[in-house]
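**Student:** how would this look folded up:
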Amino acid sequence: MDKFKNKEVRATEFHKNINRFLGRLKNNFVANEINEYEKFLEQLNQAHEEWHDAELYFQSVTESDLIDYAIYKMQASKTKYVYLLKQAKKMGIKAENVDNSL
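**Tutor:** Residues are numbered from 1 along each chain as shown. Sure thing, here's the model as predicted:
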């Protein structure tokens, strides 16, 4: 009888340990998903800021060579931002999560 009870206790402890491990693993995945989400939002906001800065730069230059560069920089930053917006849509990120203060 004691032998059976010891196996039962060990099995119960084993299951508790497995459940604790799975709980930590799940929490880790959730934390990683949140971190990835936050990193993406930061990247999206940074791209928006870069586009805004490129527009300001374009408005401030007067030399023809710099105007060409400013147009290139503005188009490139806009393309990056639009791409990230499309990715956000695929991920189900809504506009209220994006910093539109710029």
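**Student:** helix or strand for the nearest residue in space to Ala76 that is not next to it in sequence, which one?
**Tutor:** Spatially, and ignoring its direct neighbours in sequence, Ala76 is nearest to Ala54 (7.8 Å; C-beta to C-beta, 6 or more residues apart in numbering). For every residue, glycine as well, the C-beta is placed using N, CA and C. Element membership of Ala54 [criterion: DSSP states H and E] is helix 2-60.
**Student:** sorry, back to before: quick one, what contacts the residue nearest to Ala76?
**Tutor:** By C-beta atoms under 8 Å, 6 or more residues apart in numbering, Ala54 lies in contact with 70, 73-74, 76-78.
**Student:** what does Glu13 give?
**Tutor:** Neighbours of Glu13 in contact, by C-beta under 8 Å, 6+ apart: none.
**Student:** about what we covered before: give the rounded mean pLDDT of the helix holding Ala54.
**Tutor:** Averaging pLDDT along helix 2-60 yields 75.
**Student:** C-terminal to it, what's the next element?
**Tutor:** That would be, after helix 2-60 and using DSSP H and E, helix 64-91.
**Student:** elements contacting that next one?
**Tutor:** Here helix 64-91 touches helix 2-60, going by 3 or more C-beta pairs under 8 Å, 6 or more residues apart in numbering; DSSP states H and E.
**Student:** of the contacts of Ala54, buried ones?
**Tutor:** 70, 73-74, 77-78 (16 or more other C-beta atoms under 10 Å).
**Student:** got a markdown table for the residues you listed, with distance to Gln87 too?
**Tutor:** A markdown table is the format used below for these (distance: C-beta to C-beta, whole Å):
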| residue | distance to Gln87 |
| --- | --- |
| Ala70 | 26 |
| Lys73 | 21 |
| Met74 | 21 |
| Ser77 | 16 |
| Lys78 | 15 |
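**Student:** show me which pair in those residues is furthest apart.
**Tutor:** Spanning the widest gap among the buried ones among the contacts of Ala54 are Ala70 and Lys78, at 12.3 Å by C-beta to C-beta.
**Student:** returning to what we had before: quick one: which of the buried ones among the contacts of Ala54 is nearest to Gly92?
**Tutor:** Lys78 (23.2 Å).
**Student:** can you tell me the closest non-neighbouring residue to the closest one?
**Tutor:** Nearest residue to Lys78, sequence neighbours excluded (C-beta to C-beta, 6+ apart): Trp51, at 5.2 Å.
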